[in-house]
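> Got a sequence here, can you model it:
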Amino acid sequence: MFNTIILLTGATEQPVLGDVLRRGNPLLTIRPTATLAELDAIKPRLLQRARLVAFATTVAVPGRILNALGYGAYNFHPGPPNYPGRTPAHFAIYDRVTEFGVTAHAMIERVDAGPIVDVERFAISPNTDVMKLSELAYAHMVRLFWRLAKDLATRAEPLPALPIKWSGQKSSTSLYARMCDIPVGIAKDDLDRRIAAFGSGHFGIDPTVTLHGHRFHYVSAPSTTEAPSIAPDLPMVEAAE
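This is a model prediction of the structure:
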């Protein structure tokens, strides 16, 4: 019998989202988890009567756990169906899109590929940066969670899928790193787009350029005017050893 939700999310979200699920079903048992090790520690008997709900997590749930769950698994993805994979906001900023969104979908072993059960879209203003877009996506993902919480907490059968398919290139850490490998002859517009999207050093990866055997890392220029710049129109770089 369905009586447990395994809530895979961060420590900050666990109590809040757990309370939302319990409002829909006061008899529900919430098992908070944050890591793959914590998932692996759950006994098979509990998995058989549980549903997994993942929210704002980078944990890739393996097939052995997904297949053992009696009532399926659902993930809240911080991007629309045409931006599957890691850090979708960064790639959306690079593409200069005017609309973004978030997606709720059933989980299968292949990441961001399961049936889509709900989508929330929103417009992006022209001056939105990566941090702001990520914040907007998180807020809309919370709204989407609120909308689906009762069904997730009470509906033993699978949530109905929408006639929407995943599309676009699935982003990854390796793709992010390739976008940060700046070719020497890059056009100014493409360079500006890459700096806007990938200049924050996410994953510890900075935009870099290799010139005559020396590798240079991009460093964002300080916002203060204390030190005048010799070349104010060029991004600052520092040499890597």
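> What does the pLDDT read for Pro232?
The model reports Pro232 with a pLDDT of 34.
> Tell me which stretches of this structure form helices.
Per DSSP state H, the chain carries helices over the ranges 13-24, 36-40, 44-48, 63-68, 88-95, 130-154, 173-179, 188-198.
> Next, work out how far apart the most centrally placed residue in the chain and Ala139 are.
Central residue check for the chain by CA atoms, centre = their mean: the C-alpha nearest the mean position is that of Pro78, 4.4 Å away. Using CB to CB, to the nearest Å, Pro78 is found at 10 Å from Ala139. C-beta here means a position set from N, CA and C on the backbone, and glycine is covered the same way.
> Need the nearest residue in space to Ala196, chain neighbours excluded.
In space, and not counting its chain neighbours, Ala196 is closest to Ile93: 5.7 Å by CB to CB, 6 or more residues apart in numbering.
> Can you give me the separation between that neighbour and Glu135?
The span separating Ile93 from Glu135 equals 13 Å under the rule CB to CB.
> got it, and Glu109?
Separation of Glu109 from Glu135 (CB to CB): 31 Å.
> This structure - how does it break down into domains?
Using automatic domain parsing, the domains assigned to the chain come out as 4-154, 180-240.
> a markdown table please, covering these and showing distance to Ile164.
Compiled in a markdown table, the domains of the chain are given as follows (distance: least, CB to CB, whole Å):
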| stretch | distance to Ile164 |
| --- | --- |
| domain 4-154 | 5 |
| domain 180-240 | 25 |
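> just the ones you listed: most buried one?
With neighbours defined by mean count of other CB atoms under 10 Å, none of those is more surrounded on average than domain 4-154, at a mean of 18.
> mean confidence for that domain?
Per-residue pLDDT over domain 4-154 has a mean of 97.
> Between the two ends of that domain, what distance do you get?
As for domain 4-154, its first-to-last residue distance stands at 10 Å under the measure CA to CA, to the nearest Å.
> before we move on, what about stretch 3-13?
One end of stretch 3-13 to the other measures 21 Å (CA to CA).
> which residues sit against it?
Counting by CB atoms under 8 Å, 6 or more residues apart in numbering, the neighbours of stretch 3-13 from elsewhere in the structure are 14, 17-18, 21, 27-34, 39, 42, 46-47, 49-57, 59, 61, 69, 152-153.
> can you tell me which residues contact the closest residue in space to Lys170 that isn't next to it in sequence?
Nearest non-adjacent residue to Lys170, counting by CB to CB, 6+ apart: Gly85, 3.9 Å away. With contacts defined as CB under 8 Å, 6+ apart, Gly85 is in contact with 79, 111-112, 169-172, 175.
> One more pass at 10 Å, please.
For Gly85, the set of contacting residues under the criterion of CB atoms under 10 Å, 6 or more residues apart in numbering consists of 77, 79, 91, 111-112, 166, 168-173, 175-176.
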